[in-house]
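In: Sequence and computational prediction follow.
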Amino acid sequence: MHSSNRSQGFHYLIRAAIVLSFSILITFLIKSGNIILYIAPTMQILVKLSAIGFYIIGMYQLYSAYHYLRNQSTADCDCEHAPTGSIWKHIMIYGLFVFPLLLGFLMPNATMGTALASKKGMILSASSTSRTTQVQPEDTTPKEQATVAPEVLNQPLGDASTLTEAQLDALFVTDEYNEDFARLSKTIYQDDVIVVKDELFMEILTAIDLFLESFAGKTVEISGFVYREPNMNQEQFVVGRFAMDCCSADALPYGVLVEDANAAKYMNDTWIKVRGTIDTTIYDGNEIMVFRPEKIDSIAAPESPYIYPNYDF
Amino acid sequence: MPSIISRWGLHIVTLICLVYVYLIVTNRNMPDLNILVGANMQSFKIMFISIILEAFPFILIGVIISALLQTFVPERVIQRFVPRNPILGVLYACIIGIIFPICECGMIPVMRRLIRKGMPLYIAVVFIVAGPILNPIVFASTFMAFRSRPEITYSRMGLAFVCALIIGLIVYAFVRSNPLRQGQHEHAHNHEEHHHHGSKWNTVLKHSSDEFFEMGKYLVFGAFLAALVQTILSRDWLVSVGAAGELSSHFFMMAFAYIISLCSTSDAFVASSFISTFSAGSILSFLVFGPMLDFKATLMLLAIFKTRFVILLSLLILTTVLTASLILERILFL
């Protein structure tokens, strides 16, 4: 019984060390703010709770280890037993838990960038994820012309901020599928410079992409990391951001193609802010939106590098 | 774990070789394997840690509920709540998922406990397959991700319900023997009434921490494989392999769901990025198959069930989801 008690005690000690380390790792990530590199803010509360759970379990394991290593009689309980199996089996099992801990503590934190974007596939046409396949663009064009009174269309558009309700309705024809995006489009269209804000990154890109013809020529401002696909030419790159729903495993890169004569100056994974006009181009056989920059600034990587889908805009 | 590795190692290596032979024969590009290069190692780390951090809260909830059931709920209570009629039983299991919204990482330890406490196997199976989909959180997240196509959300819920019903009834009709693995902890519940030094809460803590390690090793290993595969294989490459025909796109989407092992609350977000590349039917296959069966869930199922039963259940889920989503696609989307 003596050696079994000792070995049981050591098992508890190792387990205590593992769960307490997970608890410390999570606390570390939360304190340093690096948790956002792994988990979306909405999910962070659960991860915090799990750190508390680990702490309680760890303390219990320590208490048990103390109990066994002091070699108390365990005659009162015959269901206790050291985990069975060879020492190598235990080393492998505990090693499995230690491996992510080592990665977490020892490897420097980095954000998701071009390496993962190329694996996950950069999405250059944001609206393709919400556009319906039943409603073809060809179907909407005649409807658009039919529902809009010609005199509204013929009026010079002039300054965007003085557009009438009717003119906006004409530019952004609503159907049952794009109602929210049409509403968002009408709001941002009246801005002199459409700033693709972090809080509405995907939503603004989707709106612009859905009503690309109406937005053509407008000025936008967007920031993100530089990314290139192998088949892009010297003058092309993508400004992209990772959009995350719950955790990095579900993160997807969304971006906009930028065409500029000086494109080659900007290295992959560097952060830039682009101000440019909206246009369309053919890329990979599809017509997609492109930004033609007036100005490109290098910026520092933001505190919160990822963006999150905003479901109630 | 080593026994699983030695038992499956050969099969896995064979499978990898077969995939390579297929790629060579069909002249596809090889996936690039330079995993050790810095950037890839970083990607791997981010994926690996984020998958386990996201799953830990759920597995903790699962083992705590399991330990509470073990300590405080007598077997007769559970048996009293289970309907005798199998159809009623399956319906009951589908509905429980609605008020018990945890994903499969949390579900599996709870189900083992309930089976040992005398709940029929088929009801537990329905719980495991339906619970992660038929709940309000998943409904809301799917609805948001497919806000322009609400029919996908309703189809997902309906399809999951029908598949769970079929799978549950087949298990009820054909599986007679007890498929639970006779693990080292099997005997523990024989001395339930027997508490050492202290309160019942002590027992709850003991059971939760033991079960955390028992389940956690499969979770970590599954997360490791899922992160590795996602770091090595690019999505474009996967699409180029899988997107050829109608049937193959269904298979591809199911294989993709299996590999990436997402929680059912966030998989709709990823699925929505496929909507321009894939048919609605194959996206439904992804949305229904993934939560029912994936990398980490398979490993966790292997921890509690015998291998034969896990294979049977996997095939059952695969054929049921595939058939049902093909039929639904014909009715709804063509």
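Out: Cool, the structure landed. Numbers count the residues shown, from 1 in each chain, chains lettered A, B, ... in the order given.

In: What is the end-to-end distance of stretch B:270-280?
Out: 14 Å (C-alpha to C-alpha, to the nearest Å).

In: Distance check, B:E151 against B:A160.
Out: Going from B:E151 to B:A160 by C-beta to C-beta, to the nearest Å gives 15 Å. Quick note: C-beta positions are derived from backbone N, CA and C, even for glycine.

In: more crowded one of the two?
Out: B:A160 (28 against 12; other C-beta atoms under 10 Å in any protein chain shown).

In: Identify the single longest helix in chain A, thanks.
Out: The longest helix of chain A (DSSP state H) is helix A:2-32.

In: What residues of the very next helix or strand once past it count as buried?
Out: The first helix or strand that comes after helix A:2-32 along the chain, using DSSP states H and E, is helix A:41-69. Within helix A:41-69, the residues that count as buried by 16 or more other C-beta atoms under 10 Å in any protein chain shown are A:43-44, A:46-48, A:50-51, A:53-58, A:60-62, A:64-65, A:67-68.

In: Repeat that for stretch B:219-230.
Out: B:L219, B:V220, B:F221, B:G222, B:A223, B:F224, B:L225, B:A226, B:A227, B:V229, B:Q230.

In: Beyond the helix or strand bottoming out on mean pLDDT in chain B, next helix or strand please.
Out: The weakest-scoring helix or strand in chain B, judged by mean pLDDT, DSSP states H and E, is helix B:2-25 (a mean of 62). Where DSSP H and E defines the elements, the next helix or strand beyond helix B:2-25 is helix B:38-72.

In: and that next one, what other elements does it pack with?
Out: helix A:41-69, helix A:87-106, helix A:114-120, helix B:104-116, helix B:200-232 (3 or more C-beta pairs under 8 Å, 6 or more residues apart in numbering or on different chains; DSSP states H and E).

In: Mind putting those helices into TSV with mean pLDDT and distance to A:D191?
Out: As requested, the helices and strands packed on helix B:38-72 are arranged in TSV below (pLDDT from 0 to 100; distance: least, C-beta to C-beta, whole Å):
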stretch	mean pLDDT	distance to A:D191
helix A:41-69	90	27
helix A:87-106	90	42
helix A:114-120	86	28
helix B:104-116	84	45
helix B:200-232	85	38
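
In: looking at those, which is closest to B:E54?
Out: Nearest of those to B:E54, taken as C-beta to C-beta: helix A:41-69 at 6.5 Å.

In: angle of that closest one against helix B:38-72?
Out: Compare the direction of helix A:41-69 with that of helix B:38-72 by axes from the mean of the first three to the mean of the last three C-alpha atoms, to 10 degrees and you get 60 degrees.

In: Remind me what helix A:41-69 packs against, helices and strands.
Out: So helix A:41-69, by 3+ C-beta pairs under 8 Å, 6+ apart, packs with helix A:2-32, helix B:38-72, helix B:200-232.

In: chain center to the last one: distance?
Out: Pointing back at helix B:200-232 there. 14 Å (C-alpha atoms, centre = their mean, to the nearest Å).

In: Could you check the pLDDT of the closest residue to B:T231 other than its chain neighbours?
Out: Nearest residue to B:T231, sequence neighbours excluded (C-beta to C-beta, 6 or more residues apart in numbering or on different chains): B:F44, at 4.4 Å. Note on B:F44: pLDDT of 89.

In: ok, so what distance separates B:F44 from B:L225?
Out: Counting by C-beta to C-beta - B:F44 and B:L225 are separated by 11 Å.

In: before we move on, what about A:V290?
Out: Taking C-beta to C-beta, one finds A:V290 at 39 Å from B:L225.

In: A:A300 - how many residues pack around it?
Out: With other C-beta under 10 Å as criterion, A:A300 counts 6.

In: for A:V195, phi and psi?
Out: When read as degrees, to the nearest 10, the backbone of A:V195 gives phi -90, psi 120.

In: who's the nearest residue to it once chain neighbours are set aside bridged to?
Out: Ranked by C-beta to C-beta, 6+ apart and with sequence neighbours excluded, the top spatial neighbour of A:V195 is A:E221, at 4.8 Å. Note on A:E221: beta-bridge partners by DSSP bridges are A:V195, A:R275.

In: Only the C-alpha atoms, please, for stretch B:150-160, written as PDB.
Out: What follows is stretch B:150-160, C-alpha atoms only, in PDB (Å, rounded to 0.1, in the frame of the first residue of the first chain):
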ATOM      1  CA  PRO B 150     -33.200  32.100 -43.000                       C
ATOM      2  CA  GLU B 151     -34.200  28.900 -44.700                       C
ATOM      3  CA  ILE B 152     -30.700  27.500 -44.000                       C
ATOM      4  CA  THR B 153     -31.200  27.900 -40.300                       C
ATOM      5  CA  TYR B 154     -34.600  26.200 -40.300                       C
ATOM      6  CA  SER B 155     -33.300  23.400 -42.600                       C
ATOM      7  CA  ARG B 156     -30.300  22.900 -40.200                       C
ATOM      8  CA  MET B 157     -32.600  22.500 -37.200                       C
ATOM      9  CA  GLY B 158     -35.100  20.300 -39.100                       C
ATOM     10  CA  LEU B 159     -32.400  18.200 -40.700                       C
ATOM     11  CA  ALA B 160     -30.600  17.700 -37.300                       C
END
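
In: pLDDT on it, on average?
Out: Here stretch B:150-160 scores 91 as its mean pLDDT.

In: Pull out the buried positions in it.
Out: Applying a neighbour-count criterion of 16+ other C-beta under 10 Å, one finds B:I152, B:T153, B:S155, B:R156, B:M157, B:G158, B:L159, B:A160 buried in stretch B:150-160.

In: Same check on stretch A:207-223?
Out: For stretch A:207-223, by 16+ other C-beta under 10 Å, it's A:207-212, A:214-215, A:218, A:220-223.

In: now the helices for the stretch 201-334 of chain B?
Out: B:235-242, B:246-260, B:267-272, B:280-292, B:295-304, B:307-328 (DSSP state H, counting those that start in this stretch).

In: Now do the residue nearest to A:D297 when sequence neighbours are not counted against A:T164, distance only.
Out: Residue nearest to A:D297 in three dimensions, not counting chain neighbours: A:K273, with 4.7 Å by C-beta to C-beta, 6+ apart. In this view, A:K273 and A:T164 are 33 Å apart by C-beta to C-beta.

In: Quick check on those two: which one has the bigger neighbour count.
Out: A:K273 (15 against 10).

In: quick one on the thing from earlier: tell me the two of the buried residues of stretch B:150-160 that are most distant?
Out: Longest span within these, C-beta to C-beta: B:I152 and B:A160, 12.4 Å.

In: First-to-last residue distance for stretch A:103-118?
Out: First-to-last residue span, stretch A:103-118, C-alpha to C-alpha: 23 Å.

In: near chain B, anything from that stretch?
Out: Yes. Stretch A:103-118 reaches chain B (C-beta under 8 Å from any C-beta of the partner chain) through A:L103, A:G104, A:M107, A:A110, A:M112, A:G113, A:T114, A:A115, A:L116, A:S118.

In: Assign the fifth one to helix, strand or coil.
Out: It stands for A:M112. Look at A:M112: counting by DSSP: H, G, I helix; E, B strand; the rest coil, its state is coil.
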